[in-house]
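1. Could you work out the structure for the sequence below:
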Amino acid sequence: MVGRGAPYFLRGRSDTFHVFLYAPREEKIRRLMADGQSESEANEAVDAVDRERIAYVKHYFNADWPTRSLYHLMMNTSIGDANVIAAILDTMHRLEARGNPSFTELRGVK
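-> Numbers count the residues shown, from 1 in each chain. Now for the predicted structure:
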């Protein structure tokens, strides 16, 4: 489940793994510019998205965004997609290997 409300809706479940992905402002702007936006458009888009996320979480969950305590892992995506994916999967495998039953259930292993 992906989205602003996912960690709030699923916070009581033991069979979930919550990851918060983020990037530095400069990286977000660089990515938007690589997709064809001007620097001013990219700056405004980054600001607008962050404002909307803050407002959404505050309105629907009366919480600050991001609520760090709801996540198992927070990752800076500027390290690259392959590294992010590998780190997430490695963390999940390590937790599973420790015998954490919630992660065994999450992966469908009984």
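2. quick one: low-confidence ranges for the chain?
-> The model of the chain has pLDDT under 70 over residues 100-110.
3. Helices of that one, start to end?
-> For the chain, the helices defined by DSSP state H occupy 6-9, 25-34, 39-61, 81-97, 101-106.
4. Could I get these in CSV, plus columns for distance to residue 73 and mean neighbour count?
-> Bear in mind the C-beta positions are built from the backbone N, C-alpha and C, glycine included. Shown next, in CSV, are the helices of the chain (distance: least, Cβ to Cβ, whole Å; neighbours: other Cβ atoms under 10 Å):
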stretch, distance to residue 73, mean neighbour count
helix 6-9, 12, 17
helix 25-34, 18, 15
helix 39-61, 19, 13
helix 81-97, 6, 13
helix 101-106, 12, 16
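5. for those, which one sits closest to residue 71?
-> Nearest of the helices of the chain to residue 71, taken as Cβ to Cβ: helix 6-9 at 6.5 Å.
6. For the closest residue to residue 6 other than its chain neighbours, grab the count of nearby residues.
-> Spatial nearest neighbour of residue 6, chain neighbours left out: residue 18 (7.5 Å); criterion: Cβ to Cβ, 6 or more residues apart in numbering. Residues near residue 18, counting by other Cβ atoms under 10 Å, number 16.
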